[in-house]
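A.B. asks: Sequence first, predicted model second:
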Amino acid sequence: MTKPKATISTAPSKLKGLDSNLTTPSGTPTSSRAASPLAKIPASKRINVIEEYAKRSNEKPSMNLVVIGHVDAGKSTLMGHFLYDLGSVNERVMQKYERDSQKIGKGSFAYAWVLDETGEERDRGITMDIATNYFETPHRQFTLLDAPGHRDFIPNMISGTSQADAAILVVDAATGGFESGFDANGQTKEHALLARSLGVQQLVIAINKLDMTGWDQVRFDEIVAKLGAFLLQAGYRKNNITYVPVSGLTGENLVKKCETTELTSWYDGPCLLDVIDSITPPVRLLDKPFRMGVSDFFKGGIGSSGGISLAGSIDSGSVQVGEQVMVVPGNEIGVVKTLQVNDETTNWGAAGDSVLMTLSGLDILNLSTGCVLCTPLHPVPITTSFTAQIVVFDVRIPITSGFPVILHHQSSNEPASIVKLLSVLDKSTGEVIKRNPRHLSKGATAKVKIQLSHRSIPLETFKDNKQLGRIMLRKGGETVAAGVVDEVIIMKKLYII
Ligand SMILES: Nc1nc2c(ncn2[C@@H]2O[C@H](COP(=O)(O)OP(=O)(O)OP(=O)(O)O)[C@@H](O)[C@H]2O)c(=O)[nH]1
């Protein structure tokens, strides 16, 4: 493998906090003499991030894992039990959950409470928000995102999935359980399609509640056959899908191989932990320009320092204390004062890191959720128009040109329209089957042109940036399509002054 090279440029500039520069919103620096955003840091204090990152690479690779699946498939129970058996949940806390859940007659939910943290979630017995947990396996570190299965909470599920490197799809193997998740209104298909169209390639299928079937091989095989055919059709590669028989409630085959003869008589494969431990880590885009989607911001700095704090995860490139960064939209320039990566104070961060940083020079009124921090030398393009490759969901009315939607992108949602249907594509090969179709029906993979109704947003192609290149389209509270950005259309070149 070739070692990534740093792409930090060293040319002068003088606009909006920079020394001198003309930069187009297309992300291309117009002046080859623009100042490095590192210029204000004394040479002796500058960090060679590539070298530092290489040292850190001896650590276990870290990745985001999302748990998806139909409501009540057992996602929270499965992952709560998994975390407990892995030693990631304090014994006393677990005992308290057991006592409290029994007291209100919901003893079977004790493990789910590890993930379902709010009172309302517990009362209703469903996950509403994205729960985040950290855990380590022998060779990996994971941030676990437990997505709600209930269809009312699909936007939350999307925001979790759009950050994921891999997904665990939990399927209920109990009689009628798989079927209700797999039929037209079930979330098994919808979640799997969404994950695929948001760029998730690796899937672990936890075939859950098999204890209720007496670890029935026929049932396991039936689910693998039906789901497998659908997943291949949805564009997943066979080699990237692993099926594991489990019971989230009894804990069998989670962190150690199941010894129940009912299972061992026909299954000799890995337990869930072994499968998760061998998920291929994503390639970190260290050699691309710095980008960080802002998920939260607030006044005041880390510790007692002033300024504004921004949280998010670095999608590409790197950043260091003292460096100038630009907020898009708005093009305001700030300087990084302090940095925390995974809650530890540091002086640099790189692609894949979850970061909290304090910046000086920014006005909080100019920030919004969905804004992006980037290097002023290569700003993120902002646009109102782009083309995308989408997968159409179970829509009642076919999509025609002019179809109004709500565009979900990063943490923002904006009114938009599908203004042109460019082509219908083959799901697995991506080849054009039909040009200029009149309409798109459910299940279609297509290329379309999208126009935002009110304002421009920071956007990049999926090829350049996975996070910024993922979109989802909803209408009337339902997901109509999800996909990836193909081309960002810049109508006119705006110069930063
Ligand atoms: N027998 C059996 N029951 C299970 C198993 N896993 C979960 N359950 C039960 O199924 C019900 C739903 O479990 P949850 O973990 O809340 O399901 P969920 O998928 O997280 O639900 P949402 O968060 O609402 O999407 C609970 O009563 C669990 O005790 C299992 O492996 N075996």
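C.D. replies: Received the coordinates, thanks.

A.B. asks: CA only for contacts and neighbour counts going forward, please
C.D. replies: OK.

A.B. asks: Show me where the protein dips below the pLDDT cut-off.
C.D. replies: In the predicted model of the chain, residues 1-35, 57-58, 104-109, 113-132, 146-163, 185, 302-305, 427-429, 491-497 satisfy pLDDT under 70.

A.B. asks: Name the residues of the longest strand along it that are buried.
C.D. replies: Ranked by number of residues, the top strand in the chain under DSSP state E is strand 412-425. Across strand 412-425, burial judged by 16 or more other Cα atoms under 10 Å covers 413-425.

A.B. asks: which outside residues touch the next helix or strand after it?
C.D. replies: Heading C-terminal from strand 412-425, the first helix or strand you meet, by DSSP states H and E, is strand 432-435. Residues outside strand 432-435 that contact it (Cα atoms under 8 Å, 6 or more residues apart in numbering) are 422-426.

A.B. asks: List the contacts of the spatially closest residue to Trp348 that is not a sequence neighbour.
C.D. replies: Nearest-residue entry for Trp348: Gln320, 4.1 Å, with adjacent residues in sequence omitted and distances by Cα to Cα, 6 or more residues apart in numbering. Counting by Cα under 8 Å, 6+ apart, Gln320 touches 47, 336, 339, 347-349.

A.B. asks: could I get the longest strand of the chain in CSV with only the CA atoms?
C.D. replies: Output of strand 412-425 as CSV, limited to C-alpha atoms (Å, rounded to 0.1, in the frame of the first residue of the first chain):
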residue,chain,number,x,y,z
SER,A,412,-29.6,19.5,7.7
ASN,A,413,-32.9,19.2,5.8
GLU,A,414,-33.9,21.5,3.0
PRO,A,415,-36.8,21.7,0.6
ALA,A,416,-35.8,20.6,-2.9
SER,A,417,-37.2,19.1,-6.1
ILE,A,418,-36.1,16.3,-8.4
VAL,A,419,-36.1,18.5,-11.5
LYS,A,420,-34.8,16.0,-14.0
LEU,A,421,-34.8,12.2,-14.4
LEU,A,422,-31.6,11.5,-16.3
SER,A,423,-31.4,7.7,-16.5
VAL,A,424,-32.4,4.4,-15.0
LEU,A,425,-29.4,2.3,-14.1
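
A.B. asks: oh, and call the first residue 146 from now on, that's how I've got it
C.D. replies: That works, and once the first residue is 146, the last one we named lands at strand 557-570.

A.B. asks: Pairing partners for that strand, with directions?
C.D. replies: Note on strand 557-570: by DSSP bridges, its sheet partners are strand 548-554 (antiparallel), strand 577-580 (antiparallel), strand 590-597 (antiparallel).

A.B. asks: what does stretch 454-464 rub up against?
C.D. replies: Here stretch 454-464 has contacts from 194, 429-447, 493-504, 610-612, using Cα under 8 Å, 6+ apart.

A.B. asks: returning to that earlier point: looking at the buried residues of strand 557-570, which is nearest Pro549?
C.D. replies: Nearest to Pro549 out of the buried residues of strand 557-570 is Ser562 (Cα to Cα; 4.3 Å).

A.B. asks: Any figure for the gap between the closest one and the ligand?
C.D. replies: Between Ser562 and the ligand the distance is 31 Å, computed by Cα to the nearest ligand atom, to the nearest Å.

A.B. asks: Can you tell me, leaving aside adjacent residues, what's nearest to that residue?
C.D. replies: Ser562 sits nearest to Pro549 (Cα to Cα, 6+ apart), 4.3 Å away.

A.B. asks: Go through stretch 226-233 and flag the buried ones.
C.D. replies: Judged by neighbour count using 16+ other Cα under 10 Å, the buried positions of stretch 226-233 are 226-229, 231.

A.B. asks: In contact with Arg600, which residues?
C.D. replies: Counting by Cα under 8 Å, 6+ apart, Arg600 has contacts Thr529.

A.B. asks: same deal with Leu418?
C.D. replies: Taking Cα under 8 Å, 6+ apart as the contact definition, Leu418 lies against 282, 399-401.

A.B. asks: Could you pull out the helices in the stretch 146-295 of the chain for me?
C.D. replies: Under the criterion DSSP state H, counting those that start in this stretch, the stretch 146-295 of the chain carries helices at the ranges 194-201, 220-231, 236-248, 264-269.

A.B. asks: from those, which stretch is densest packed?
C.D. replies: helix 220-231 (a mean of 24; mean count of other Cα atoms under 10 Å).

A.B. asks: so where do the strands sit in the stretch 396-545 of the chain?
C.D. replies: Listed in chain order, the strands of the stretch 396-545 of the chain (DSSP state E, counting those that start in this stretch) span 436-444, 453-461, 463-465, 469-473, 477-486, 489-491, 493-495, 499-505, 517-519, 527-528, 530-537, 544-545.

A.B. asks: roughly how far is the first one from the heart of the chain?
C.D. replies: Going by Cα atoms, centre = their mean, to the nearest Å, the spacing between the C-alpha centre of strand 436-444 and its chain's C-alpha centre is 15 Å.
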